[in-house]
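Chemist: can't give you the sequence, but here's the structure:
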């Protein structure tokens with residue numbers, strides 16, 4: 001045993017072969033990952049492991065899907081908070097009229113969902129009927145009569 005350790009310290013070829021083998025292995029895995037043979041092999045491996053879990057009772061292969069929540073409670077709470085905020089934004093922003101969303105009306109052009117015109121009264125208030133017109137000065141439209149000076 002001591003002879004093996006002494007030869008490893010003087011003959012360093014094993015270091016270079018180990019590095020070259022790991023680099024070639026990593027390159028091969030990166031290349032084969034998206035091929036059909038890799039997907040087939042992954043499927044067969046998964047089938048074998050599931051068989052062993054069910055046949056031999058190897059419970060250590062059965063991972064708790066909620067384990068990450070227990071390990072990272074701060075991350076889990078942040079994700080729950082973000083999902084709640086997104087859901088509240090989605091539910092309050094269902095209507096796209098200027099009356100229901102006055103804060104966002106200055107940031108983007110609000111169009112009628114029926115006809116696509118910005119001067120349609122339905123774009124200003126969802127309770128008003130769509131006129132299918134983009135004429136200026138329509139009753140109920142936020143775009144009133146405009147004076148055009150030439």
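Modeler: Here it is on my side, so go on. The shown structure was predicted, so the numbers you read here are calculated from the model rather than taken from an experiment.
Chemist: so where is the chain shaky, pLDDT-wise?
Modeler: For the chain, the stretches flagged by pLDDT under 70 are 90-94, 103-107, 144-150.
Chemist: tell me which element residue 113 is part of?
Modeler: In the assignment (DSSP states H and E), residue 113 maps to no helix and no strand.
Chemist: phi and psi next, for the closest residue to it other than its chain neighbours.
Modeler: Spatially, and ignoring its direct neighbours in sequence, residue 113 is nearest to residue 96 (6.2 Å; Cβ to Cβ, 6 or more residues apart in numbering). To be clear about C-beta, it is placed using only N, CA and C from the backbone, and glycine gets the same treatment. When read as degrees, to the nearest 10, the backbone of residue 96 gives phi -110, psi 10.
Chemist: check the one 5 residues further on too.
Modeler: Here the main-chain torsion angles of residue 101 (degrees, to the nearest 10) amount to phi -130, psi 70.
Chemist: so it is in contact with residue 95, correct?
Modeler: Yes. In this structure residue 101 lies within contact range of residue 95 using Cβ atoms under 8 Å: 7.0 Å.
Chemist: hang on, the earlier thing: quick one: the residue nearest to residue 113 from residue 119, how far?
Modeler: Distance, residue 96 to residue 119, by Cβ to Cβ, to the nearest Å: 15 Å.
Chemist: these two: which has the busier surroundings?
Modeler: Between residue 96 and residue 119, residue 119 has the larger neighbour count (other Cβ atoms under 10 Å), namely 20 against 16.
Chemist: I'd like the distance between the more buried one and residue 129.
Modeler: In terms of Cβ to Cβ, residue 119 sits 14 Å off from residue 129.
Chemist: can you tell me which helix or strand the nearest residue to residue 14 once chain neighbours are set aside belongs to?
Modeler: Closest residue to residue 14 apart from its sequence neighbours, by Cβ to Cβ, 6+ apart: residue 8 at 6.3 Å. Taking DSSP H and E as the definition, one finds residue 8 inside helix 2-10.
Chemist: that helix: what's the following helix or strand?
Modeler: Toward the C-terminus, helix 2-10 is succeeded by helix 13-32 as the next helix or strand (DSSP H and E).
Chemist: quick one, the helix or strand following that following helix and helix 13-32 angle?
Modeler: Of the helices and strands lying after helix 13-32 in sequence (DSSP H and E), the nearest is helix 36-56. Angle of helix 36-56 versus helix 13-32, following axes from the mean of the first three to the mean of the last three Cα atoms, to 10 degrees, is 100 degrees.
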